[in-house]
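Engineer: Turn this into a model:
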Amino acid sequence: MDIAILTVSFPLDVETSSEIQALLRANEEIEGTNYEQVLNIPVMTDPLTKGFAVLAYAEDEVVGVISAIDMIGIHSYEWSGLVHPEYRRQGLGQALTKELQHNLELRGYESELALNIKDSKVGAAFLQQAGYEWNFSEATLKANVKAVEENSAVDVYPLTDEAQELKHILMNAFGDTEDEVQTLLDYNASNPSRHVFVAKQQEKVVGTVTLVEDGETLWVTALATDSERQGKGIGSALLAFSQAEGFRRNCKSVRLDVEIDNNQALSIYEKAGFQPVMQVDYYVKNPIAN
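Structural biologist: Numbering: from 1, shown residues only. Sure, this is the predicted structure:
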C-alpha cells in the first residue's frame, strides 16, 4: 500500500484535525493510551498556534502523525508522534521523523524536545533507536474545581501595570532571561484563552499565575512566588484561586504539569487536592547520534 507523507502548518483546518483525532481514537481502542495531550490536539486549530504537523496517509486515512509546536514563537519546538499499530515496523516512524527534522531546519529551530507518555514503551524504544535520550519527566496533576473560600491575606487580580515586578519574579523562579519572560508575557497578552493574574500583599506583588482555558479544563501555568516570601502560603492561595476560577468559568477540572523530582511543589499541589493522572517523559537528541 502506498503511503503519502506531507507537512501542514498550524493552524490546521477542521477536517485535518478530525482525521488526526480519528487516528488517536483508533489507537486508544487498541492500546488504551490517549495521546491527545502530548500531540497538542486542542490547540492545533488555534490561529495563534505556531508549529506544524507531519502526516502519513494510506489512501484517505491518516495512519501516522508528528505534531511539533513552538508555543511562544522562540524557535524552541516540542514534538510527539503516533503511528497506527497496524502500520508499525514498516519504516513509517523513521520517514515521519526525517520529514520532521527537515521542517525544523527549514524553520530555523534552536532546540527540540521529544515527548513520550511514560506508559508507551513503543514510543520510548523508538526514540532511543532514533538517537534520543531521556532528559526529564513531568507529572500532570488534576484537581476538581470548587468555589473555595479565597485567602483574605492574599489578593489576586488580573495583570494590569505590574509587568516589571512580574518579570523579576518569573526570572528568579524559572531562570529565564528578561527577553524570554517578555516574550511569554507578550504571547499571553495576545491569546484570549490565556489569563495572567498577580498576587498582592499590602499592595506589593508577591506572586503570579497564568490560567489557560482548554475546553472544559483550566490549566495552571507559570505559577511563581517572590523568592523572599516562599513558604508563606502564597502558592497555596494561587492554587485555591485557580480552582475557584475554574468553577467560575464552568470548567470541570484544573490541571498542571510539574517535574517529578520537584518534591516541594508536589507536596503543595497534593495538599491542595491535585492528584497525578499522567507522566510525560522528555527526550533530547544525543549529539553523538548526529
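Engineer: and the end-to-end length of stretch 244-263?
Structural biologist: 25 Å (Cα to Cα, to the nearest Å).
Engineer: And stretch 265-283, by the same measure?
Structural biologist: 22 Å.
Engineer: So which residues make contact with that stretch?
Structural biologist: Applying Cβ atoms under 8 Å, 6 or more residues apart in numbering, the contact partners of stretch 265-283 are 37-38, 113-119, 124, 127, 132-144, 235-236, 239-240, 243, 254-260. Where you see a C-beta, it was placed from the backbone N, CA and C, and this is true even at glycine.
Engineer: got it, and stretch 62-69?
Structural biologist: 3, 10, 19-20, 22-23, 39-41, 43-44, 49-57, 77-84, 86-87, 92-93, 96-97, 99-100, 103-104, 112.
Engineer: The residues you listed in helices, which ones?
Structural biologist: Glu19, Ile20, Ala22, Leu23, Leu92, Gly93, Leu96, Thr97, Glu99, Leu100, Asn103, Leu104 (DSSP state H).
Engineer: before we move on, the earlier item: quick one: buried ones out of the contacts of stretch 62-69?
Structural biologist: Listed as buried from these are 3, 10, 19-20, 23, 39-41, 43-44, 49-56, 77-84, 87, 92-93, 96-97, 99-100, 103-104, 112; burial here means 16 or more other Cβ atoms under 10 Å.
Engineer: quick one: low-confidence ranges for this protein?
Structural biologist: Scanning the chain for pLDDT under 70 picks out 1, 149-152, 289-290.
Engineer: which strand is the longest one in it?
Structural biologist: Ordering each strand of the chain by length in residues (DSSP state E) puts strand 132-144 first.
Engineer: List the pairing partners of that one within its sheet, with orientation.
Structural biologist: strand 253-259 (antiparallel), strand 275-285 (antiparallel) (DSSP bridges).
Engineer: Using CSV, lay out those together with mean neighbour count and distance to Ala222.
Structural biologist: As requested, these are exported to CSV (neighbours: other Cβ atoms under 10 Å; distance: least, Cβ to Cβ, whole Å):
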stretch, mean neighbour count, distance to Ala222
strand 253-259, 19, 10
strand 275-285, 17, 18
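Engineer: Columns distance to Ala265 on top of those, output as CSV?
Structural biologist: What follows is those, written out as CSV (distance: least, Cβ to Cβ, whole Å):
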stretch, distance to Ala265
strand 253-259, 5
strand 275-285, 13
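Engineer: can you tell me how far Val83 sits from Tyr77?
Structural biologist: 19 Å (Cβ to Cβ, to the nearest Å).
Engineer: which residues of this structure fall in strands?
Structural biologist: Using DSSP E, strands in the chain cover 3-9, 51-58, 61-69, 76-83, 111-117, 132-144, 155-158, 194-201, 204-214, 217-225, 253-259, 275-285.
Engineer: how far is the first one from where the chain is centred?
Structural biologist: If I follow you right, that is strand 3-9. Averaged C-alpha coordinates place strand 3-9 at 24 Å from its chain's average position (Cα atoms, centre = their mean, to the nearest Å).
Engineer: what do you get for the third one?
Structural biologist: Averaging C-alpha coordinates over strand 61-69 and over its chain gives two centres that are 17 Å apart (Cα atoms, centre = their mean).
Engineer: Repeat that for the fourth one.
Structural biologist: Relative to the centre of its chain, strand 76-83 is centred 11 Å away, using Cα atoms, centre = their mean.
Engineer: Quick one: list the elements packing against that strand.
Structural biologist: helix 14-31, strand 51-58, strand 61-69, helix 92-106, strand 111-117 (3 or more Cβ pairs under 8 Å, 6 or more residues apart in numbering; DSSP states H and E).
Engineer: Make JSON lines from those and add distance to Glu216 to it.
Structural biologist: Below are those laid out as JSON lines (distance: least, Cβ to Cβ, whole Å):
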{"stretch": "helix 14-31", "distance to Glu216": "16"}
{"stretch": "strand 51-58", "distance to Glu216": "23"}
{"stretch": "strand 61-69", "distance to Glu216": "21"}
{"stretch": "helix 92-106", "distance to Glu216": "31"}
{"stretch": "strand 111-117", "distance to Glu216": "21"}
